[in-house]
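Chemist: When you get a sec, could you give me coordinates for this:
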Amino acid sequence: MQVTLAASGGGSWTTMTENCRSALMGATCIIGARRLLEGLPAECTANRVQATRPQQIIEAIQQLQPQNCVVLYSGDTGFHSGVRSLVPLLEQEEIEFQVLPGISSVQLLAAILNRPWQDWLLLSAHGVNCNPVGAVMQGKPVFFLTGGTLTPTDLCKQLTQAGLGQLSVVVGENLSYPEQRICQGTAETLAQQTFADLSVMLVEPAPAVVRRGYGFPDSMFERAQVPMTKQEVRAAILANLTPKPTDILWDVGAGTGSVSIELALAAPWGRTYAIECNEKAVELIQTNREKLGAWNLKVIEGYAPQALEELETPNAVFIGGTKGSMEDVVNLVLQRNPKARICISAICIETLYQAVQALQNHGIQPEVTQIAVSRSKLVGSLHMMMANNPIFLVMGNCDD
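Modeler: Residues are numbered from 1 along each chain as shown. So this is what the prediction gives:
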């Protein structure tokens, strides 16, 4: 028994390679999705089995014992294909097989647009969770396979809600079929349209995404009269919280959003929430968010801990201000995630005491660091060191 895993390319007979067509013409049994089986010419065997799940396919092969079986897949066998799941089962059952690749939808769209695709970020939103905002923050055009619960309309809506409604988007429907259609527009305009189930999407990268290490210069942020965590302290905060690319992060008492934005840019595939009660500060956060391209940052106007209750459970939290609710905020964070990494900043001795006590009440022995920064100031022909207020950083769970 010989099993061939063959790719149908765009789905039509004309987009298959000669090797795949020959395999299908010589098959005694063909297994695949209904759409692919129905599109085969009459010259192919009528012994066709509708099955897409790997275990179903294995069971069909073992039950039928065909002399020459072809398992037919859409697109290319190496690009988000079910081949990846079937191969280990075939090897486990010691069934001999070969893989024949095909033309993928990314190649078809690139050819239609007369563009190379080697620099695109390739993602699947077909039946899997997908983060389009994080994707377009990577600095490359992003190609999405769509289908299932996430359509091009859904992805464009998510981009628009994040403030990226003006991004250029191309949607390719039914590529290689007679009813093929190419739609171009902005994310905002295409979010109002509907598309065929067989659709792919190309989105241009988000603008103004800053790439650098922790501790952006203070001059990069709009500040007005709102308090801002200084560059050296910000660098220490992020070094202790160690945000990971997919983390959910909170900044409680966000001020200008300087810490929030650095957290968001350090975790582009996750989400960061800036919680702030001052209306002018909220406006500044929005301004800085757009200026620096922190499109995955969501601004929540309100008082903690009430404003935190409906947010996603955090992996790490920075607390820069609580309006006297330190213990309640720490309690809520650790109730939601006992392993959450926490960093609290304090200028006053009383705030330092409250932060230490709040963590110790949960059995966490905090680590306290004092940061005293002085910066030079030109006085006549001389440079004088001018001291900023010393800052205490109280860390909990940061070494886990």
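Chemist: so where's this protein uncertain?
Modeler: Within the chain, the set of residues satisfying pLDDT under 70 comprises 127, 400.
Chemist: Would you map out the domains in it?
Modeler: According to automatic domain parsing, the chain comprises the domains 2-103, 106-203, 218-396.
Chemist: Turn those into a markdown table, including mean neighbour count and distance to Val210.
Modeler: Any C-beta I mention is one placed from the backbone N, CA and C, and that applies to glycine too. Below are those laid out as a markdown table (neighbours: other Cβ atoms under 10 Å; distance: least, Cβ to Cβ, whole Å):
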| stretch | mean neighbour count | distance to Val210 |
| --- | --- | --- |
| domain 2-103 | 17 | 31 |
| domain 106-203 | 18 | 10 |
| domain 218-396 | 19 | 5 |
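Chemist: Distance to Val209 for the ones you listed - can I get that in TSV?
Modeler: Compiled in TSV, those are given as follows (distance: least, Cβ to Cβ, whole Å):
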stretch	distance to Val209
domain 2-103	25
domain 106-203	5
domain 218-396	4
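Chemist: residue ranges for the helices of the stretch 251-400 of the chain, please.
Modeler: Taking DSSP state H, counting those that start in this stretch, the helices of the stretch 251-400 of the chain run over residues 258-266, 279-292, 326-336, 349-360.
Chemist: what's in contact with the first one?
Modeler: So that's helix 258-266. Contact with helix 258-266 is made by 137, 209-211, 214-216, 218, 221, 228-229, 234, 237-238, 241, 243, 245, 249, 251, 254, 271-274, 285, 288-289, 292-294, 296-297, 316, 318, 320, as judged by Cβ atoms under 8 Å, 6 or more residues apart in numbering.
Chemist: One more: the last one?
Modeler: Contacts of helix 349-360 from elsewhere in the structure, counted by Cβ under 8 Å, 6+ apart, are 319, 326-327, 329-331, 342, 344, 346, 365-366, 368, 392, 394, 396.
Chemist: Just the closest of those residues to Val83, please.
Modeler: Within these, proximity to Val83 (Cβ to Cβ) peaks at Ile342, which comes in at 44.4 Å.
Chemist: need the contact list for the closest one.
Modeler: Ile342 sits next to 316-319, 330, 333-334, 359, 394-398 when contact means Cβ under 8 Å, 6+ apart.
Chemist: With distance to Leu89 as extra columns, can I get those in JSON lines?
Modeler: Formatted as JSON lines, those follow (distance: Cβ to Cβ, whole Å):
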{"residue": "Ala316", "distance to Leu89": "39"}
{"residue": "Val317", "distance to Leu89": "43"}
{"residue": "Phe318", "distance to Leu89": "46"}
{"residue": "Ile319", "distance to Leu89": "49"}
{"residue": "Val330", "distance to Leu89": "49"}
{"residue": "Val333", "distance to Leu89": "44"}
{"residue": "Leu334", "distance to Leu89": "43"}
{"residue": "Leu359", "distance to Leu89": "49"}
{"residue": "Val394", "distance to Leu89": "52"}
{"residue": "Met395", "distance to Leu89": "47"}
{"residue": "Gly396", "distance to Leu89": "46"}
{"residue": "Asn397", "distance to Leu89": "41"}
{"residue": "Cys398", "distance to Leu89": "43"}
